[in-house]
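In: here is a sequence together with a model predicted from it:
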Amino acid sequence: MNKRIVIIGAGQGGLTAAAHLAKNGYDVALYERGKRGGISYPWTDVLSKKIFHEAGLDQPPVEQFTAEPAWTFIPPSEKDYIVIPENPASGNVSMNRQALSEHLIRCAERAGAKLFFNSPVSDLLFDGDRVCGIVVSGEKVYADLVIDSSGLLSPFRGKVPDKFGLEAMPRKDGVMSAWRGRFKRKAGSPDPEHKNRLFLRPRGLNGIVWCVLDEDDTVDVLIGQIGGLTVEERDKFLCYLREKCEIMPSEDPFQGRYANICVRYAMPVLVADGYALVGDSSCLTMPIIGCGIDYAVKEGFCLADMIVRGEINSFDANSLWKYNQKIIHDFGSETIGLDILKRALLSAPEKLINGVFGTHIITGELLFDVMRGSTAGALKPKVVFSVLKNLKTILPVVKFLLPALKASGKAKKVAKRIPLLYDSDKITAWKDRYNGFFS
Ligand SMILES: Cc1cc2nc3c(=O)[nH]c(=O)nc-3n(C[C@H](O)[C@H](O)[C@H](O)COP(=O)(O)OP(=O)(O)OC[C@H]3O[C@@H](n4cnc5c(N)ncnc54)[C@H](O)[C@@H]3O)c2cc1C
């Protein structure tokens with residue numbers, strides 16, 4: 001019980017782990033480079049309301065929740081669109097990210113975790129190959145376990161000895177470079193028919209652009225491209241939005257920043273002696289839409305709870321592997337298949353995407369189901385009938401997507417077959433199969 005645990009980063013994953021461990025008597029210190037009140041992003045995001053309860057956290061006051069946006073998807077042709085209906089039954093809500101951050105900070109503090117802000121961690125400490133602490137503001141801080149929750153571009157993964165098999169950095173195609181900004185709505189502009197427009201691959205962009213009219217009458221814009229986004233590209237797409245969306249003003253944004261969104265499958269190896277990854281630093285996100293808040297909370301809780309329950313009783317890789325195994329088996333297997341589909345969709349000729357939107361077979365309800373991993377809607381008689389009616393348009397799409405659909409199912413099975421026990425040879429062989437879908 002006197003084990004000392006150090007956490008790097010006050011994201012949702014780190015704070016959830018800190019709260020649960022501290023509540024159960026562990027000595028937890030969390031170091032965050034940002035200042036309190038200034039960490040995280042100043043915008044609204046979608047998350048599942050039930051994660052708080054599932055992770056043993058207090059729920060934020062309900063006034064802080066608003067409804068999940070009802071998206072309108074627009075294909076490159078800009079001729080058709082699909083409206084995803086509002087669905088309160090989904091259990092998803094929108095919440096201001098900084099309010100979420102403050103709420104989780106309070107949960108961790110109330111539980112007894114020690115939180116240090118303005119405290120950038122610069123290095124890991126080692127005892128042989130074992131991680132035994134961190135360097136923060138020039139001071140050495142020793143720990144039995146270091147939880148790395150420092151985000152997608154964690155500089156620490158690459159410092160862990162090669163023998164553990166961690167990936168230092170995600171490849172460029174696993175990162176969506178995004179700019180997100182907020183504008184005052186154009187004065188006197190009419191109410192748009194579609195409040196939340198999401199343009200798919202507009203004008204050759206390898207990504208998405210959205211323009212959302214928020215409840216406070218401001219305009220939330222995101223421009224995201226896989227593999228990089230230059231200032232010129234951002235400006236080009238701001239001009240595009242001014243052309244397409246009546247609510248976009250000609251003035252500059254009053255808020256805006258660049259950020260990286262993880263849009264890839266989970267890293268296969270998440271642990272080493274004295275070290276474990278949680279949240280975006282493990283790349284566990286939904287690759288199509290980048291949702292990582294739920295997963296960060298689930299991972300933070302899962303690791304902490306396995307420690308609390310004694311399922312992980314020492315902090316060497318051998319024991320921490322139980323956490324690694326559970327995360328990939330339960331969650332990584334959900335997301336790896338989606339990554340394969342996402343890559344196929346991003347490489348699909350525009351003509352195919354436009355054609356599918358033009359048939360109106362994909363309804364908002366259907367897309368909603370698929371994005372949440374259910375294919376039941378696709379088998380409804382009405383859908384099957386429309387597919388048969390539009391076979392000429394659909395067949396080339398099916399032909400194009402079939403290999404990805406097959407690979408997606410196979411990848412899920414491979415993820416589920418992650419070795420139960422820590423055996424380096426078996427892990428290396430499994431990792432090659434798991435990563436092999438993306439080589
Ligand atoms: C534009 C955008 C929109 C998104 N929309 C959604 C959405 O709607 N829904 C959703 O679920 N997800 C969304 N995501 C993804 C989501 O933000 C992440 O998946 C999630 O926040 C990951 O949480 P985390 O705990 O891994 O840590 P992060 O939020 O990545 O936080 C890491 C923390 O570590 C700190 N840190 C980094 N380096 C150091 C260091 N050396 N020393 C000390 N501290 C350090 C950072 O300052 C940061 O506070 C979005 C992401 C972006 C960028």
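Out: Received, thanks.
In: only C-alpha atoms for contact and neighbour calcs from this point on.
Out: Will do.
In: give me the residue at the spatial middle of the protein.
Out: If you average the C-alpha coordinates of the chain and look for the closest C-alpha using Cα atoms, centre = their mean, you land on Gly292, 2.7 Å from that point.
In: contacts only, for it.
Out: By Cα atoms under 8 Å, 6 or more residues apart in numbering, Gly292 lies in contact with 262, 279-280, 284-286.
In: correct me if wrong, but Tyr323 is in a strand.
Out: No. When classified by DSSP: H, G, I helix; E, B strand; the rest coil, Tyr323 is found to be helix rather than part of a strand.
In: that older thread, if I look at the residue nearest to the centre of the chain, how far off is Asp45?
Out: Gly292 is 10 Å from Asp45, where distance means Cα to Cα, to the nearest Å.
In: repeat that for Gly91.
Out: 14 Å.
In: for Asn206, same thing?
Out: Plainly put, Asn206 is 22 Å away from Asp45 if you go by Cα to Cα.
In: cool, Val62 as well?
Out: Relative to Asp45, and taking Cα to Cα, Val62 is found at 15 Å.
In: centre of the chain to stretch 49-67, how far?
Out: Computed by Cα atoms, centre = their mean, to the nearest Å, the chain-centroid distance of stretch 49-67 equals 18 Å.
In: could you pull out the helices for the stretch 151-300 of the chain?
Out: Per DSSP state H, counting those that start in this stretch, the stretch 151-300 of the chain carries helices over the ranges 231-244, 293-308.
In: okay if I get these as JSON lines plus distance to the ligand, mean neighbour count and mean pLDDT?
Out: Putting these into JSON lines (distance: least, Cα to the nearest ligand atom, whole Å; neighbours: other Cα atoms under 10 Å; pLDDT from 0 to 100) gives the following:
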{"stretch": "helix 231-244", "distance to the ligand": "14", "mean neighbour count": "14", "mean pLDDT": "96"}
{"stretch": "helix 293-308", "distance to the ligand": "4", "mean neighbour count": "24", "mean pLDDT": "97"}
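In: I'd like those as CSV, with distance to Gln255 appended.
Out: As requested, the helices of the stretch 151-300 of the chain are exported to CSV (distance: least, Cα to Cα, whole Å):
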stretch, distance to Gln255
helix 231-244, 14
helix 293-308, 22
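In: for Lys392, which of these is the nearest?
Out: helix 231-244 (31.0 Å; Cα to Cα).
In: now that closest one: how far from the chain's centre is it?
Out: 25 Å.
In: which outside residues touch that helix?
Out: Outside of helix 231-244, the residues within contact range by Cα under 8 Å, 6+ apart are 179, 209, 211, 223, 248-250.
In: of the residues you listed, select the buried ones using a PyMOL command.
Out: With 16 or more other Cα atoms under 10 Å as the burial test, the buried ones among the contacts of helix 231-244 are selected in PyMOL as follows:
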select buried, resi 179+209+211+223+248+249
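In: and of the contacts of helix 231-244, the nearest to the ligand?
Out: Distances from the ligand to these, taken as Cα to the nearest ligand atom, are shortest for Trp179 (7.0 Å).
In: what residues go with each domain of this structure?
Out: By the assignment in automatic domain parsing, the chain contains the domains 4-65+94-170+264-327, 173-262.
In: tell me which of those domains sits most buried.
Out: Greatest average neighbour count among these goes to domain 4-65+94-170+264-327 (a mean of 21), per mean count of other Cα atoms under 10 Å.
In: so what's the gap between it and the chain middle?
Out: 14 Å.
In: what is the end-to-end distance of that domain?
Out: Domain 4-65+94-170+264-327 has its terminal residues 23 Å apart, counting by Cα to Cα.
In: quick one: which of the helices of the stretch 151-300 of the chain is nearest Lys49?
Out: Shortest distance between Lys49 and these, using Cα to Cα, is found for helix 293-308: 9.2 Å.
In: show me what that closest one packs onto, helices and strands only.
Out: Taking 3 or more Cα pairs under 8 Å, 6 or more residues apart in numbering; DSSP states H and E as contact, the helices and strands that helix 293-308 lies on are helix 12-23, strand 44-48, helix 51-54, helix 317-327.
In: kindly present the ones you listed as JSON lines, with separate columns for distance to the ligand and mean pLDDT.
Out: Converted to JSON lines, the helices and strands packed on helix 293-308 look like this (distance: least, Cα to the nearest ligand atom, whole Å; pLDDT from 0 to 100):
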{"stretch": "helix 12-23", "distance to the ligand": "4", "mean pLDDT": "98"}
{"stretch": "strand 44-48", "distance to the ligand": "4", "mean pLDDT": "91"}
{"stretch": "helix 51-54", "distance to the ligand": "11", "mean pLDDT": "96"}
{"stretch": "helix 317-327", "distance to the ligand": "14", "mean pLDDT": "98"}
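In: show me the contacts of helix 231-244 that map onto strands.
Out: Counted as lying in strands by DSSP state E, out of the contacts of helix 231-244, are 179, 209, 211, 223.
In: for Arg343, the count of nearby residues, please.
Out: The burial count assigned to Arg343 is 17, neighbours taken as other Cα atoms under 10 Å.
In: my bad, should have said Asp425
Out: Using other Cα under 10 Å, Asp425 has 9 other residues around it.
In: now it: how far from Gly128?
Out: As it turns out, when the distance is counted by Cα to Cα, Asp425 lies 21 Å from Gly128.
In: try Glu54
Out: According to Cα to Cα, Glu54 stands 37 Å off from Gly128.
In: ok, Tyr422 next?
Out: From Tyr422 to Gly128 the distance is 20 Å (Cα to Cα).
In: Arg257 too?
Out: 40 Å.
In: ok, now Ile293?
Out: 34 Å.
In: now do Val209
Out: Val209 sits 47 Å away from Gly128 when distances are taken as Cα to Cα.
In: low pLDDT regions in this protein?
Out: Where the chain drops to pLDDT under 70, the residues are 1, 289-290, 363-383.
In: which bits of it sit near the ligand?
Out: Residues of the chain found near the ligand, taking Cα under 6 Å from any ligand atom as the criterion, are 8-14, 31-34, 39-40, 45-47, 119-122, 149-151, 180, 259-261, 279-281, 290-294, 296.
In: one more time with 5 Å
Out: Applying the criterion Cα under 5 Å from any ligand atom, the portion of the chain that neighbours the ligand consists of 9-13, 32-33, 45-46, 120-121, 150-151, 259, 261, 279-280, 291-293.
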